[in-house]
Each structure stands twice: as structure tokens, then as C-alpha cells.
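1. Quick one, what's the 3D model for this:
(one chain, ligands or ions: 2)
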Amino acid sequence: MFRIKTLNKISPAGLSVLEQSRFAVSSDLCDEDGVLVRSADMHAYAFPDSLRAIARAGAGTNNIPVDRCSEAGIVVFNTPGANANAVKELAVCGLLLASRKVVDGAAWVRTQAGMGADVEQAVEKGKSQFVGPELMGKTLGVVGLGAIGVQVANIATKLGMTVYGYDPFLSVDAALSLSRLVHRALDLETIYKNCDYITVHVPLTPDTRGMICTDSIQMMKGGVRILNLARGGLVNDDDMLLALESGKVAAYVTDFPNNKIVQGKNVIPIPHLGASSPESEENCAVMAAQQLREYLENGNIKNSVNLPTLEQEWSGIARLCIIHRNIPGTIAGITKVLSEENVNVENMTNKSKKDYAYTVVDINAKIKDLVVDEIRAIDGVLRVRFLSH
Ligand SMILES: NC(=O)C1=CN([C@@H]2O[C@H](COP(=O)(O)OP(=O)(O)OC[C@H]3O[C@@H](n4cnc5c(N)ncnc54)[C@H](O)[C@@H]3O)[C@@H](O)[C@H]2O)C=CC1
Ligand SMILES: O=C(O)C(=O)COP(=O)(O)O
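-> Ligands and ions are numbered 1, 2, ... in the order given. Alright, predicted model coming up:
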């Protein structure tokens with residue numbers, strides 16, 4: 001029985017993937033084999049020795065101490081693209097909210113009603129203060145052309161916008177999905193100088209933290225409207241507040257409000273709703289739970305952010321799953337231990353991702369704990385699991 005701890009509310013459709021006969025799932029258990037999480041901050045999380053995998057039902061993994069996980073031989077999964085449509089739709093909403101003063105207008109209507117005014121008359125008399133521009137014919141810059149950015153860029157072309165997209169690491173899949181109407185910008189300056197609207201869809205990393213700051217805002221057009229449905233830390237709040245106050249930035253739509261930014265002029269704060277649709281909550285939860293189940297039961301890895309994809313059909317009665325550093329000699333060490341025990345390898349795959357590697361060895365014999373311990377002791381080995389049918 002595997003023990004799975006949930007750190008956030010996970011869609012029931014995802015939890016049903018983890019059948020009760022094989023998985024105990026609860027927010028209140030210890031010695032967990034796996035964790036299912038959304039945005040809960042895990043940086044101070046104490047890993048029990050039992051923990052083998054963390055599945056993030058969503059895209060961003062900046063709430064997880066990924067390096068610490070890698071060193072402990074814990075696989076971190078996410079669910080690429082599973083909530084992209086929900087974020088794309090909220091981005092379209094954000095473009096409109098940044099333009100058409102719907103938020104201020106709606107609040108004003110309620111105030112009129114509260115003051116006892118004739119709302120029908122007040123609306124016609126007062127609406128001119130809420131005039132806002134259309135999107136058609138304007139220029140949009142999309143920073144980050146991944147699962148979300150591509151969809152936002154594509155749909156904006158259908159709204160009649162001229163779209164520039166920037167992504168120095170554009171994947172082949174993303175390039176194939178990108179509309180030919182989207183102009184590729186080769187640098188951020190092109191986006192900053194040319195766009196009436198800018199939307200960021202990059203992960204929060206040391207490289208992207210604070211990318212929207214006084215230096216970048218200075219390059220932008222006066223009255224630019226900025227959307228941030230990616231992470232609060234991408235924007236320097238103090239610099240943004242100054243730019244909003246001066247009118248250099250006409251509106252800032254953020255899905256990551258905090259006590260400081262919410263005070264700013266023309267800030268439209270959204271309570272982190274990007275992925276909060278039943279459809280995307282279900283997609284993410286199902287994908288995360290499937291990936292977690294597959295790893296715990298069969299040692300197969302798909303969509304991990306710290307380890308390579310490795311899927312191998314079973315071809316023996318037992319399987320060794322070894323997470324190790326990506327250094328020479330480890331595989332030789334593993335096969336040496338097995339051959340000394342006279343164990344024949346039926347099938348073996350090794351894949352690497354940056355500094356870490358994963359080796360799956362199928363064998364046709366059960367081996368003693370002592371042999372597993374010998375493999376564990378090989379230089380560079382971080383985690384060994386022994387699975388049997
Ligand atoms: N508001 C919400 O609820 C949600 C927010 N997000 C946020 O959006 C981010 C993007 O999500 P996805 O598109 O699904 O991820 P993704 O991994 O498919 O795309 C990210 C893209 O950013 C690009 N990138 C990385 N560094 C860059 C840089 N310095 N400049 C330009 N491009 C850069 C990558 O090459 C990649 O193509 C997530 O990391 C997460 O922080 C994601 C889902 C929901
Ligand atoms: O997928 C992401 O990166 C998100 O930001 C979604 O977060 P959530 O699962 O809604 O807490």
C-alpha cells in the first residue's frame with residue numbers, strides 16, 4: 001500500500017486514479033511515499049525517508065525545493081499544458097479588463113445603487129468616465145512561448161491584434177503550434193518598444209525574477225498595459241507602483257496580488273484564478289496522479305522537472321530503479337554488483353537530465369537486500385528502489 005499525502009485540495013477525478021486498494025490518500029498521514037500538491041509552499045518541508053516522489057498538479061514548480069529533492073533522490077513531476085487553456089482564457093479576460101474599465105465601472109454602479117441614485121439614469125450620465133480602448137489593431141507582446149504563451153499569442157491574432165512573441169528556448173512543439181501570424185521577436189527590447197499590451201508567461205527562476213522593473217518599463221510605450229498571470233516575483237512591485245502612479249503603465253493585471261501592489265493605481269488584482277476552472281483542476285489532478293502512480297508502481301518517469309523521461313516495459317520478475325548522479329562509472333558499478341551475484345540483466349535503460357541520471361534494470365531473479373545495499377553504496381547513487389511483480 002502506497003501512502004500519498006495531499007497538501008492542497010486535489011480534484012476528486014485525480015484522487016480516483018489512486019485506487020483505494022493500493023493507495024492510502026489523505027492530507028493527514030505521515031511516512032508518505034508520494035505528495036500531491038498545487039501551490040502549497042514546500043521549501044521548509046521536511047522530507048521523510050519514505051518520500052519518493054512529489055507530483056505538482058499544475059505547471060509552476062517554484063513552490064518546491066527541486067534541488068533538494070534531486071539530492072534526496074525524490075522525483076518531482078508537473079503537468080505540462082494541463083491548465084494552459086484556463087490561463088489562456090483568463091489572459092483574454094485580462095486584456096479586456098486592462099482596457100475597458102469594467103472593474104472600476106462595476107464598482108461605481110454598485111456605489112450609485114448604494115447611494116440611492118436612479119441607476120439607469122446614473123449609468124447613462126456617468127459612463128463616459130469609463131471609456132477604454134479596443135484590442136483590435138493594437139500590438140501585444142507575449143514573453144514566454146510555452147504551453148500558455150503560444151495559446152495566448154494565437155488567440156490574440158484572432159482578436160485582430162498584431163502579436164510579437166519572445167522565447168529564446170522555444171521548443172519544437174511550441175514552434176509547430178504557433179500561428180504563422182505571430183512575429184518572432186529576437187530580443188525583449190523589440191517587445192518592450194513596440195507593444196501596447198505585454199503579457200508574461202515564463203517560469204519564475206533566478207533569471208526571470210524582477211524582469212519587469214524600471215529598466216524594462218523605461219523601454220516601453222507610454223500607457224502600456226501589463227498582464228502577469230505567471231508569478232508575482234517576475235515584477236518588481238516598487239518599480240511597478242511608480243510606473244502606475246506616473247501613468248507610464250496604464251494598467252497592471254496580476255494573478256498574484258500582495259499587500260503592496262494591491263494599493264497601486266489601476267491595478268486589477270485577481271486571486272490566483274489562472275488554473276481555477278473545474279476542467280483544468282481535473283486535467284492537472286488526473287495527470288499528476290497518473291504520473292505518481294506509474295512511478296511508484298513501475299518506476300516509469302514522465303514529465304519530471306528534475307529527472308529524465310524513462311518508460312520501460314517490464315521484462316523480468318523484478319526491477320531496480322536507480323537515481324544517481326550523471327557521472328562516469330555508475331552503470332559499470334551497478335552491472336558489476338549484479339554479475340558478481342550471478343544475476344542476468346533482462347533489460348536496462350539509462351537516461352540523464354543535466355546533473356542527474358536514472359537507470360532501470362529488469363532482472364529475472366529476486367535479489368537479497370544486501371545486494372540492493374551494495375548498489376546503494378556505489379559512488380553517486382542517490383536512491384535505489386527494488387520492485388517485483
Ligand atoms: N496563474 C496561474 O494559475 C498559472 C500560472 N502559471 C505560470 O505560468 C508559467 C508558464 O506556464 P506554461 O506556459 O504552462 O509553462 P511552459 O514551461 O510550457 O512555458 C514556459 C516558457 O517560458 C520560456 N522561458 C523560460 N525562460 C524565459 C525567458 N527568460 N524569456 C522568455 N521565455 C522564457 C520557456 O522556454 C518556455 O517555453 C508557469 O511556470 C507558472 O509560473 C502556469 C499555470 C497556471
Ligand atoms: O499551475 C500553476 O503554475 C499555477 O499557478 C496554478 O496554481 P494552482 O494549482 O491553481 O494553485
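2. Need the pLDDT of the residue in the stretch 201-350 of the chain that ligand 1 sits nearest to.
-> Across the stretch 201-350 of the chain, no residue is closer to ligand 1 than residue 274, which sits at 2.3 Å (C-beta to the nearest ligand atom). C-beta here means a position set from N, CA and C on the backbone, and glycine is covered the same way. With respect to pLDDT, residue 274 scores 98.
3. What sits closest to it if chain neighbours are left out?
-> Residue nearest to residue 274 in three dimensions, not counting chain neighbours: residue 87, with 4.4 Å by C-beta to C-beta, 6 or more residues apart in numbering.
4. For this protein, what lies in contact range of ligand 1?
-> 58-60, 80, 83-84, 87, 143-149, 166-169, 174, 201-204, 207-208, 229-231, 255, 272, 274-275 (C-beta under 6 Å from any ligand atom).
5. and ligand 2, which of those residues contact it?
-> Among the residues of the chain next to ligand 1, the residues lying close to ligand 2 (C-beta under 6 Å from any ligand atom) are 58, 59, 60, 83, 274, 275.
6. Most neighbours of all the residues you listed, which one?
-> Neighbour count (other C-beta atoms under 10 Å) singles out residue 275 as the most crowded of these, with 27 neighbours.
7. do you know how far the closest residue to that one other than its chain neighbours is from residue 161?
-> Once flanking residues are discounted, residue 275 sits nearest to residue 83: 3.8 Å by C-beta to C-beta, 6+ apart. In this view, residue 83 and residue 161 are 23 Å apart by C-beta to C-beta, to the nearest Å.
8. and the residue in the chain positioned nearest to ligand 1, what is it in contact with?
-> Closest residue of the chain to ligand 1, C-beta to the nearest ligand atom: residue 146 (1.6 Å). Residues in contact with residue 146 (C-beta atoms under 8 Å, 6 or more residues apart in numbering) are 167, 171, 174, 201, 202.
9. Which secondary structure state does residue 5 sit in?
-> strand (DSSP: H, G, I helix; E, B strand; the rest coil).
10. What sits closest to it if chain neighbours are left out?
-> residue 32 (4.0 Å).
11. For the one you found, list the residues it contacts.
-> Applying C-beta under 8 Å, 6+ apart to residue 32 gives the contacts 3, 4, 5, 48, 50, 51.
12. before we move on, the earlier item: nearest to residue 107, of the contacts of residue 146?
-> residue 201 (28.4 Å; C-beta to C-beta).
13. Residue 154 touches residue 174, doesn't it?
-> No: applying C-beta atoms under 8 Å as the test, residue 154 and residue 174 come out as separate, 10.8 Å apart.
14. Contacts for the longest helix anywhere in the chain, please.
-> Across the chain, the helix with the greatest residue count (assigned by DSSP state H) is helix 278-298. Here helix 278-298 makes contact (C-beta under 8 Å, 6+ apart) with 2, 4, 10-11, 13-15, 17-18, 22-23, 33-34, 36, 38, 52-53, 55-58, 75, 77-79, 82-83, 85-87, 275, 300-304, 314, 319, 387.
15. Any of those residues buried? List them.
-> 2, 4, 10-11, 14-15, 17-18, 23, 33-34, 36, 38, 52-53, 55-58, 75, 77-79, 82-83, 85-87, 275, 300-301, 303-304, 314, 319 (16 or more other C-beta atoms under 10 Å).
16. Wait, a helix at residue 320?
-> No: using three-state DSSP, the secondary structure at residue 320 is strand, not a helix.
17. What separation do you get for it and residue 295?
-> With C-beta to C-beta as the criterion, residue 320 and residue 295 are 14 Å apart.
18. Residue 207 too?
-> 29 Å.
19. Of those two, which one has the most company?
-> The neighbour count for residue 207 versus residue 295, taken as other C-beta under 10 Å, is higher for residue 295 (24 against 8).
20. And for that one, nearest residue in space, chain neighbours not counted?
-> residue 53 is the one closest to residue 295 (C-beta to C-beta, 6+ apart), at 5.1 Å.
21. circling back: kindly reformat the contacts of residue 32 as a markdown table containing pLDDT and distance to ligand 2.
-> Listed next are the contacts of residue 32 as a markdown table, based on pLDDT from 0 to 100; distance: C-beta to the nearest ligand atom, whole Å:
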| residue | pLDDT | distance to ligand 2 |
| --- | --- | --- |
| 3 | 98 | 22 |
| 4 | 98 | 17 |
| 5 | 98 | 16 |
| 48 | 98 | 23 |
| 50 | 98 | 25 |
| 51 | 98 | 20 |
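22. Please consider this matter closed, and thank you.
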